[in-house]
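Trainee: Predicted structure and sequence below. I'll ask about it afterward.
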Amino acid sequence: MKKIISIIMSIIIILSVSILGGCSQKTSTSNKESTNDNTIAPLTIKFSSTFQETETGGTILKHFINRVSELSNGAIKVDMSWGGTLFTSADELDAVMDGAVNMVALGHMPHLNTLTYLSFPGFAPGGSKAALDYFKTLVFDDPETSALIQGEAQKLGIKYLNVIAGGANAFCSKHKFTDLNSLVKGSSAFGNMDAAIFKKLGFKVTKIAPPEVYDALNRGLIDSTQMALAPMVAMSWYEPAPYWALDGTYAAGNFFTVNLSWWNSLTDAQRKVIEQAAKDTQEYTATLYDEAIQKDIDTVEQKTGNKFIEFSKEDKDRIWAAAFEAKAESAMELAKAAGKTEGMIKILEKAAKITGYNWKHQ
């Protein structure tokens, strides 16, 4: 009897060891498969940008490049072509649509005849972060407007991953002013390509391209103008026009845009890294531009000896009303031509709601 019991116990021990060994082997295989699933395959992103490496936009793209490398442990790299050397702003949409490049930081303003749903007002009041949140809501977060905007992109074979901040807008003048009314009254010739906005404010507008503005101010052909602060300072417009004010609106744009076929060919792990890097870069830009705005203000004040004028809330509201109405009218014209009127109305209604403006479609 003892011998039988001993034999039975031996069999149990052998079976237990076999089962445990099998479980151990299975667990080891499972871990190995899990590791393989998380391994990011090497990838090089062909990226074309019109930003110069040394400007603020270049700093933003470098942040993205570094984040992609960090998140992928060096497996994903970015082959960057700077300063429009590969494709200009006029060509970059076609380049990413055709797959000539994988990715661009798309400046959408030259392409509104194609990207109709992006023709809503391209700036917003309230600061860099407010403008970023405004774009982010319309293009990514709001279910109705994002479906329209991303759906339009998808039909063109592209996809938007993020939007980046774009800095402040400002007025400058040859003549001293204290508020919007005195600026308008003192401006016998206001130079700007976007006549519709400034005619609504009462300016006598002369259409003039930015590269010609310095000379026009210097020669007295115009006496005031408005544009994005950073290029105004970079082109030294403070020399002929020493009186300045921020207009209360802030830009965003330059969507990180990918070719959709290329994007769909990537692994989930590769897409996850690129999406996270793009999102991190988006958030980084708001604070970056706040610092750049203050630096530009300091430059103007040091060079001219004049402080920036602070417009009242009423003046800022008046500027935003003129900007929204002019841009909404233009957007509706584009939408009507493209057969997208209903969708554009929804986008403009949401844009107005976000910015606290009471817009009524006529």
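Mentor: Sure thing, it's come through.

Trainee: which SS state does residue 253 fall under?
Mentor: strand (DSSP: H, G, I helix; E, B strand; the rest coil).

Trainee: quick one: it and residue 341, what's the gap?
Mentor: Remark: distance between residue 253 and residue 341 (Cβ to Cβ, to the nearest Å) = 23 Å. The way it works is simple: take the backbone N, C-alpha and C, and place the C-beta from them, glycine included.

Trainee: Helices of the stretch 101-250 of the chain, start to end?
Mentor: For the stretch 101-250 of the chain, the helices defined by DSSP state H, counting those that start in this stretch cover 128-136, 143-155, 180-185, 195-200, 210-219, 229-234.

Trainee: Quick check: which of those helices is nearest to residue 285?
Mentor: helix 128-136 (6.9 Å; Cβ to Cβ).

Trainee: Can you tell me which of the helices of the stretch 101-250 of the chain is most buried?
Mentor: helix 128-136 (a mean of 22; mean count of other Cβ atoms under 10 Å).

Trainee: Mind giving me the packing neighbours of that one?
Mentor: Here helix 128-136 touches strand 123-125, strand 158-173, strand 243-259, helix 268-304, helix 341-355, going by 3 or more Cβ pairs under 8 Å, 6 or more residues apart in numbering; DSSP states H and E.

Trainee: Give me the below-cutoff pLDDT ranges for this protein.
Mentor: 1-38 (pLDDT under 70).

Trainee: In JSON lines, list the helices of the stretch 101-250 of the chain along with distance to residue 113.
Mentor: Output for the helices of the stretch 101-250 of the chain, formatted as JSON lines (distance: least, Cβ to Cβ, whole Å):
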{"stretch": "helix 128-136", "distance to residue 113": "20"}
{"stretch": "helix 143-155", "distance to residue 113": "12"}
{"stretch": "helix 180-185", "distance to residue 113": "32"}
{"stretch": "helix 195-200", "distance to residue 113": "17"}
{"stretch": "helix 210-219", "distance to residue 113": "21"}
{"stretch": "helix 229-234", "distance to residue 113": "24"}
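
Trainee: closest one to residue 96 among the ones you listed?
Mentor: Nearest of these (Cβ to Cβ): helix 143-155, 10.3 Å.

Trainee: so which of the helices of the stretch 101-250 of the chain comes closest to residue 114?
Mentor: helix 143-155 (8.9 Å).
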